[in-house]
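A.B. asks: Any chance you could fold what I've pasted below:
(one chain, ligands or ions: 2)
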Amino acid sequence: MDGGPDPGGEPPALPPDALPGSDPPAVLGALLESVADAVYVVDHAGTVRFANAAALELLGYREDELVGRPSHAAIHHTRPDGRPFPESECPLLRPRITGEVVRIWEDWFVRRDGTMVPVAYSSAPIATADGRGAVVVFRDVSDRRAAEQAERGAAVERARAEELERSRIRIVEAADAERRRIGRDLHDGAQQRLMNVALQVRQALAAIDGERPEAAREDLAGALDELRATLAELRELAAGIHPSILTNRGLAAAVDGLTGRMPLPVRATVPEVRWPPAIEATAYFVIAEALANVTKHAGASLARIDVRERDGRLLVEVGDDGRGGADLGAGRGLQGLADRVAALGGSLAIEPGEAGGTVVRAALPLPGAMSG
Ligand SMILES: Nc1ncnc2c1ncn2[C@@H]1O[C@H](COP(=O)(O)OP(=O)(O)OP(=O)(O)O)[C@@H](O)[C@H]1O
Ligand SMILES: [Mg+2]
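C.D. replies: Ligands and ions are numbered 1, 2, ... in the order given. Okay, the predicted model is just below:
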């Protein structure tokens, strides 16, 4: 390719003595030194023939260290992830061949000290006495990048905050629904039974006054039965709200209580360790709901519970070998778990098991552990 004006050839020719080798004429030189953007010129071979003060400063070179070196090998040889940048793919050098201007919004240059600087640039063809070269105008875009990154971080943070807010609302609604359920259970159950007890005791008193001891005995025996049933019902209700075994003896014992009632074999590995009450309660309800789902939906022959600490988090896993197809959106149970777990800053995943079935996985950050 020769250096003469090409057909579409707009690039203005520099005076023959300007490049290569000789100093640019005084005016041109002064101008290039004064512009705020960094400028360098490569010749047809891709060798740097000129670099202004801004370019040298940004790249950390003295003039005699950069001028005369192949530009790609000097400042553009590596990508930011450390992989080599092949010269054949270099957009900076392309205008020498195509005659077209290249504009790049973001790329990276390597400084003399090996550090990398994000840059935006244009590279335009320029005719020189011994062939077409390119003039590259570039600027450091670190600030813009930092601002963009901050904006992306803020957007993620906003989305997280919004999701947290939604999950808070769901938790409050779930708590209200739970209170209504407990109120109903108490009203229809224990309250009704105690009213029966009062009635039977009143009848017994009347029977005693009427000197009908057999009738009084019968009423009192009925009252006793009713009291026993009430007690059992209250115990069950209390266990559903918060099992006392969890508070008294911890997660391992509470999980034992759950698996004992399962209609299928469950292999549980739970360390005999105490964690903060909120962590233990959330882990317990994850396991309880997941086991309830296994019983209701999975058609499984086996379930597995795994609890362990790793990297400052409590990992809770419940797997089964059933038909799979668990769906967070389909009921209240799994969504409630997701909310509970999110409220503690943790995460819940519901996935198909490697060998079929379903795996419910919660990761709960343990307080005091450094995150990240
Ligand atoms: N282990 C599982 N195996 C197969 N399907 C499951 C399993 N767990 C959940 N599912 C499916 O995902 C759906 C959602 O479960 P989720 O626990 O949220 O609701 P639910 O159990 O139907 O009702 P709720 O928990 O509110 O009483 C279930 O209806 C069921 O179809
Ligand atoms: Mg459920």
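A.B. asks: Report the contact partners of the residue in the chain that ligand 2 sits nearest to.
C.D. replies: The chain approaches ligand 2 most closely through Gly333 (2.7 Å), counting by CB to the ion. Every residue, glycine included, has its C-beta placed from N, CA and C. Residues in contact with Gly333 (CB atoms under 8 Å, 6 or more residues apart in numbering) are 289, 292-293.
A.B. asks: same deal with Gly345?
C.D. replies: For Gly345, the residues meeting the contact criterion (CB under 8 Å, 6+ apart) are Pro365.
A.B. asks: now with 10 Å?
C.D. replies: 160, 164, 313, 363-365, 367, 371 (CB atoms under 10 Å, 6 or more residues apart in numbering).
A.B. asks: in a strand, that's where it is, yeah?
C.D. replies: No: looking at Gly345 with DSSP: H, G, I helix; E, B strand; the rest coil, it is coil, so not inside a strand.
A.B. asks: Could you report the pLDDT at it?
C.D. replies: Per-residue confidence for Gly345 comes out at a pLDDT of 90.
A.B. asks: For it, grab phi and psi.
C.D. replies: The main-chain torsion angles of Gly345 are listed as degrees, to the nearest 10 and equal phi 80, psi 20.
A.B. asks: about what we covered before: check the contacts of Gly333 against ligand 2, which are close?
C.D. replies: The subset of the contacts of Gly333 within reach of ligand 2, counting by CB under 5 Å from the ion, consists of Asn293.
A.B. asks: Of the contacts of Gly333, just say which sits nearest to ligand 1.
C.D. replies: Using CB to the nearest ligand atom, Asn293 comes nearest to ligand 1 of these, at 3.3 Å.
A.B. asks: Pull up the gap between that closest one and Gly322, please.
C.D. replies: Summarising the geometry, the distance separating Asn293 from Gly322, computed by CB to CB, to the nearest Å, is 9 Å.
A.B. asks: Report the set of residues contacting both of these two.
C.D. replies: Taking CB under 10 Å, 6+ apart as the contact criterion, the residues that touch both Asn293 and Gly322 are 300, 303, 358.
A.B. asks: could those residues be laid out in JSON lines, adding distance to ligand 2 and pLDDT?
C.D. replies: Listed next are these as JSON lines, based on distance: CB to the ion, whole Å; pLDDT from 0 to 100:
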{"residue": "Ala300", "distance to ligand 2": "14", "pLDDT": "95"}
{"residue": "Ala303", "distance to ligand 2": "14", "pLDDT": "97"}
{"residue": "Thr358", "distance to ligand 2": "11", "pLDDT": "97"}
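A.B. asks: top of those residues by neighbour count?
C.D. replies: Using other CB atoms under 10 Å as the neighbour criterion, Ala303 leads the shared contacts of Asn293 and Gly322 with 26 neighbours.
A.B. asks: re the thing from before, narrow the contacts of Gly333 to those in helices?
C.D. replies: Using DSSP state H to define helices, the subset of those located there is 289, 292-293.
A.B. asks: Please list which of the residues you listed also come close to ligand 1.
C.D. replies: Subset of the ones in helices among the contacts of Gly333 in contact with ligand 1: Asn293, counting by CB under 6 Å from any ligand atom.
A.B. asks: And the shared contacts of Asn293 and Gly322, which is closest to ligand 1?
C.D. replies: Out of those, the one with the shortest distance to ligand 1 is Thr358. That distance is 3.9 Å, counting by CB to the nearest ligand atom.
A.B. asks: separation between that closest one and Ala300?
C.D. replies: Note on Thr358: its distance to Ala300, by CB to CB, is 8 Å.
A.B. asks: for this structure, what spans make up the helices?
C.D. replies: When assigned using DSSP H, the helices of the chain occupy the ranges 26-34, 53-59, 63-66, 71-75, 94-98, 142-186, 192-209, 213-241, 244-249, 251-260, 277-293, 333-343.
A.B. asks: which parts of the last one are buried?
C.D. replies: For helix 333-343, the neighbour count (16 or more other CB atoms under 10 Å) marks 333-342 as buried.
A.B. asks: got it, and the first one?
C.D. replies: Neighbour counts over helix 26-34 (16+ other CB under 10 Å) mark Leu32 as buried.
A.B. asks: What average pLDDT does it get?
C.D. replies: Averaged across helix 26-34, pLDDT comes to 74.
A.B. asks: On the strand side of things, show who Tyr121 bridges to.
C.D. replies: Ile104, Phe138 (DSSP bridges).
A.B. asks: residue contacts, it?
C.D. replies: 37-40, 91-92, 102-107, 109, 136-139, 141.
A.B. asks: For it, report the pLDDT, please.
C.D. replies: Confidence score, pLDDT, at Tyr121: 96.
A.B. asks: now do Ala18
C.D. replies: The predicted local distance difference test score for Ala18 is 54.
A.B. asks: ok, now Ile104?
C.D. replies: Reported pLDDT for Ile104: 94.
A.B. asks: Over to the one 5 residues further on?
C.D. replies: Model confidence at Phe109, given as pLDDT, is 96.
A.B. asks: and it, how many residues sit next to it?
C.D. replies: Other residues close to Phe109 by other CB under 10 Å number 24.
A.B. asks: So which of the ones in helices among the contacts of Gly333 sits lowest on pLDDT?
C.D. replies: Comparing pLDDT over the ones in helices among the contacts of Gly333, the lowest reading goes to Ala292, 91.
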